[in-house]
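**Student:** quick check, what structure comes out for this input:
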Amino acid sequence: MPGSTASARTPGFAGWQQERWLTHCGDGAAFLGTVGATELANYPEALAVLRQELADAPWSAAQIEQYLSALSKDGQPTAYLFQCRSCGSHLAYSDAT
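**Tutor:** Numbers count the residues shown, from 1 in each chain. The predicted model follows:
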């Protein structure tokens, strides 16, 4: 049957490095698109997820905030925004070359 393969049904996106599909509430989250610092201001819980992820980096708090403010929707570094399909929480991860 045409279009019945997983590759025809499963969405995807291109990232700078290896793409990651985020999960929440035991299921895959919905990918909403790329976002920069401006767009992330509307998603404080996704911004908190990014801060938590970056806490493992060898950067100071000031360097983390500088990196987050440099995020670009159409450039790099960028962030990938997801939404939990169960509870509606927003999640994100960032990426650059």
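**Student:** the helix or strand containing residue 52 packs against which elements?
**Tutor:** Element membership of residue 52, judged by DSSP states H and E, is helix 44-54. Using 3 or more CB pairs under 8 Å, 6 or more residues apart in numbering; DSSP states H and E as the contact definition, the elements that helix 44-54 packs against are helix 37-40, helix 61-69, strand 78-83, strand 90-95. (C-beta placed from N, C-alpha, C; glycine too.)
**Student:** if you average pLDDT over that helix, what comes out?
**Tutor:** Mean pLDDT, helix 44-54: 95.
**Student:** any weak-confidence spans in this protein?
**Tutor:** 1-19, 97 (pLDDT under 70).
**Student:** any idea how far the nearest residue to residue 45 once chain neighbours are set aside is from residue 21?
**Tutor:** When the adjacent residues along the chain are set aside, residue 45 lies closest to residue 90, with 5.1 Å between them (CB to CB, 6 or more residues apart in numbering). If you measure residue 90 against residue 21 using CB to CB, to the nearest Å, the figure is 15 Å.
**Student:** before we move on, what about residue 70?
**Tutor:** 24 Å.
**Student:** ok, which of the helices and strands packed on helix 44-54 comes nearest residue 47?
**Tutor:** Of all those, the one in closest proximity to residue 47, counting by CB to CB, is helix 37-40 (5.0 Å).
**Student:** can you give me the buried ones in that closest one?
**Tutor:** Neighbour counts over helix 37-40 (16 or more other CB atoms under 10 Å) mark 37, 39-40 as buried.
**Student:** now swap in stretch 22-42 and tell me
**Tutor:** Of the residues in stretch 22-42, those buried under the neighbour-count criterion (16+ other CB under 10 Å) are 22, 24, 29, 31-32, 34-37, 39-40.
**Student:** first to last residue in that stretch, what's the distance?
**Tutor:** Taking CA to CA, to the nearest Å as the measure, stretch 22-42 stretches 19 Å from start to finish.
**Student:** same check on stretch 66-75?
**Tutor:** End-to-end distance for stretch 66-75, by CA to CA: 16 Å.
**Student:** quick one: contacts of the helix or strand where residue 34 lies?
**Tutor:** When elements are defined using DSSP H and E, residue 34 is found to belong to strand 30-35. Around strand 30-35, the neighbours that count as contacts under CB atoms under 8 Å, 6 or more residues apart in numbering are 11, 13, 21, 43, 46, 71, 73-74, 78-85, 90, 92.
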